[in-house]
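3D model of this:
(chains A, B, C and D)
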Protein chains: 2
Amino acid sequence: MKPSNSLERVLAVLEVFSEERLEWTSEDLMAHLGYSRPTLYRYLKILKDAGLLMSSRNAGVTLGPKVVEMDYLARRSDTLVLSGQPHLKALTARYSCNAMILRWYGNKILCVVSETSARNLVSSYPRGRPMPLGRGAIARSIMAYLPRARLMPLIEQNLDDLRSVGLGVSVEEVRQSMKRVRKAGYAVAFGEVTAGAVGIAAPVLDDRGAPIASICVTITGAQVDGAGIDRIAADVKAVANEISAVRADSDNS
Amino acid sequence: MKPSNSLERVLAVLEVFSEERLEWTSEDLMAHLGYSRPTLYRYLKILKDAGLLMSSRNAGVTLGPKVVEMDYLARRSDTLVLSGQPHLKALTARYSCNAMILRWYGNKILCVVSETSARNLVSSYPRGRPMPLGRGAIARSIMAYLPRARLMPLIEQNLDDLRSVGLGVSVEEVRQSMKRVRKAGYAVAFGEVTAGAVGIAAPVLDDRGAPIASICVTITGAQVDGAGIDRIAADVKAVANEISAVRADSDNS
DNA sequence: ATTGAAAATCTCTTATTATGAGATTGTGCA
DNA sequence: TGCACAATCTCATAATAAGAGATTTTCAAT
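Numbers count the residues shown, from 1 in each chain, chains lettered A, B, ... in the order given. Below you'll find the predicted structure:
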């Protein structure tokens, strides 16, 4: 994972930006990345010229407008968004809820599109915001379909969270919980991410059964009972299966 | 503008994606960029590992999830978005309209944020979509504030469009029109971009008076008369000035 | 205007490493 | 199972990134 050639080193600059740290000074970048002054400035110049970064006089270096433009294009080329959005609209038409599609990439879960028909229910996960791995129906709906070797380290890394939502005390117990999710074909979570909200999620699988995304409906807990959740779960599963079938592709590396 | 080093050559791969061509095969990329097979695959591997690109089995290469994540971060660090959005909400509260902020970068005009209170008026320029330079109030509000040397080539390149919206027949006539826009401090356009819609735009300037963005209100032509436009224009100018004042920075290079 | 401090760029040599032809392996489809 | 295409590997060579330090540019304050 450590950059080994100059190409990876330029791109590593883009990795330093996070929700916690949106702006960087050149000095901080030098220190953090360990590049010499001329090298860093060379990289910055190239990234700025490409529009990926920009520097405002008083705010240091931030992500640039090219990023905005690329996201627009990505929205238009993402088959998940294109094929999924109509289904989301159908779901939000049927229930007063949030409906979203989240992509599984690297070790992250990323919202790529969301629709809402619930005026009050504020989604804290708009397009582009990564979700936590240890909490919520979405994470579980994906993790449950990972091969064992991929799953175990994730459980270990997020054991505290997974425990706190009652999936089990030991790694093994959590794994059993995941198996049950897999058998059910969907996951339900009560207020794990947002207090008072119920999340119901089912995975989108590629042609080999590997998870690539998750369909999730979020609804106010007060609005549904057990039967209601079952009904929504069936719909969510149906949508997830439909999208899985449409997509013969996978985004392997 | 032609990539001269390997760092620029990797990034040049990102430049090939456009609204017209969202997916590329490796063969096409090789031909288009003129890279050898191993080199191209090396680049693709690096860009895929960074999440900037992804390859679906049947759809070739497309922009990847990292782009989505970065746009989310860019949204949160862009001072234009942060300081401007409240003003847009105020404008859409006062008028039934679209209100947006568009960034001037390179030779492009890019919407970075938009609000709407007009149910029927469909904005065809969501975040990330570049606007044409030759048409519309936005383009004019920015071009009018460019230094002569920067302006002239743009007029020449877009003369056909500029002519067709009645800004003048010759380059010189168009330039005079721009001077008038500059004197007024805002630009108005009737149905130049979207039929039936009136656009009213004023520039956001940096501390040296160079344009860095534009504030634009779009409203149905049937809803306003001359006095109404004047009123909106005054508001748009006020917002643009306020944002200009807040921002002491400029995104030079 | 003038100055001073900080930020960004330049110069130039050396060692590093990116490159591409061709061979090889990996992958999906009939 | 085997074929065709896609992706990766090998390796010698040329190409060029890197960095120390000097220099220029930019900006704030007098």
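
flag the shaky bits of the stretch 151-253 of chain A, pLDDT-wise.
Within the stretch 151-253 of chain A, the segments meeting pLDDT under 70 span A:247-253.

could you pull out the helices in it for me?
Assigned by DSSP state H, counting those that start in this stretch, the stretch 151-253 of chain A shows helices spanning A:159-164, A:171-184, A:226-246.

for the first one, name the packing helices and strands.
Read it as helix A:159-164. On a contact count with 3 or more CB pairs under 8 Å, 6 or more residues apart in numbering or on different chains; DSSP states H and E, helix A:159-164 meets helix A:171-184. Quick note: C-beta positions are derived from backbone N, CA and C, even for glycine.

so the helix it packs on versus helix A:226-246, what angle?
For helix A:171-184 against helix A:226-246, the angle by axes from the mean of the first three to the mean of the last three CA atoms, to 10 degrees is 80 degrees.

can you name the residues in contact with helix A:171-184?
A:140-141, A:143-145, A:151-152, A:155-156, A:159, A:162-163, A:167-168, A:187 (CB atoms under 8 Å, 6 or more residues apart in numbering or on different chains).

can you rerun that using 10 Å?
Helix A:171-184 has contacts (CB atoms under 10 Å, 6 or more residues apart in numbering or on different chains) with A:134, A:137, A:140-146, A:148, A:151-156, A:158-159, A:162-163, A:165-168, A:170, A:187-188, A:201-203, A:233, A:237.

quick one: name the residues of the stretch 1-150 of chain A near DNA strand C.
By the rule CB under 7 Å from any atom of the strand, the part of the stretch 1-150 of chain A lying against DNA strand C is A:5-7, A:25-27, A:37-38, A:41, A:44-45, A:55.

circling back: tell me which of the contacts of helix A:171-184 fall in strands.
If you go by DSSP state E, those have A:187-188, A:201-203 in strands.

all helices for the stretch 1-150 of chain A, in order.
With DSSP H, counting those that start in this stretch as the criterion, the stretch 1-150 of chain A has helices at A:6-15, A:26-33, A:37-49, A:65-77, A:79-94, A:137-143, A:148-157.

winner for burial among the ones you listed?
Most buried of those, by mean neighbour count (mean count of other CB atoms under 10 Å in any protein chain shown): helix A:137-143, with a mean of 30.

any idea how far that helix is from the chain center?
10 Å (CA atoms, centre = their mean, to the nearest Å).

contacting residues for the residue of chain A found nearest DNA strand C?
Evaluated by CB to the nearest atom of the strand, chain A has A:N5 as its residue closest to DNA strand C, separated by 3.0 Å. If a contact means CB under 10 Å, 6+ apart, then A:N5 has B:6, B:42, B:46 as its contacts.

quick check: closest non-adjacent residue to the second one.
What sits nearest to B:R42 in space, not counting adjacent residues and going by CB to CB, 6 or more residues apart in numbering or on different chains, is A:L7, at 7.8 Å.

export the contacts of A:N5 as CSV, with columns for pLDDT.
Shown next, in CSV, are those (pLDDT from 0 to 100):
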residue, pLDDT
B:S6, 91
B:R42, 95
B:I46, 95
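
dump the residue contacts of the closest residue to A:H32 other than its chain neighbours.
Nearest residue to A:H32, sequence neighbours excluded (CB to CB, 6+ apart): A:V16, at 6.1 Å. Applying CB under 10 Å, 6+ apart to A:V16 gives the contacts A:24, A:28-29, A:32-33, A:61.

how about A:G51?
Here A:G51 is in contact with A:63-70, B:11, B:14-15, B:105-106, B:108, B:110, B:251 (criterion: CB under 10 Å, 6+ apart).

one step back: DNA strand D next: which of the residues of the stretch 1-150 of chain A next to DNA strand C are close?
A:6, A:37-38.

return the nearest residue of the stretch 51-200 of chain A with respect to DNA strand D.
Closest point on the stretch 51-200 of chain A to DNA strand D, by CB to the nearest atom of the strand, is A:R57, at 5.5 Å.

let me see the domain layout of chain A.
Using automatic domain parsing, the domain parsing of chain A gives A:6-66, A:78-246.

which of these sits closest to B:S83?
Minimum separation from B:S83 across those (CB to CB) falls at domain A:6-66, 11.7 Å.

what is the distance between the closest one and the centre of its chain?
With CA atoms, centre = their mean, you get 24 Å for domain A:6-66.

over to it now: how far is its first residue from its last?
Using CA to CA, to the nearest Å, the end-to-end distance of domain A:6-66 comes out at 21 Å.

list just the nearest of the ones next to DNA strand D among the residues of the stretch 1-150 of chain A next to DNA strand C to A:D207.
A:S6 (36.6 Å).

so that closest one touches B:R42, yeah?
No. A:S6 is not in contact with B:R42 according to CB atoms under 10 Å; the separation is 11.9 Å.

can you list residues touching both of the two?
Joint contacts of A:S6 and B:R42 (CB under 10 Å, 6+ apart) are B:6, B:10.
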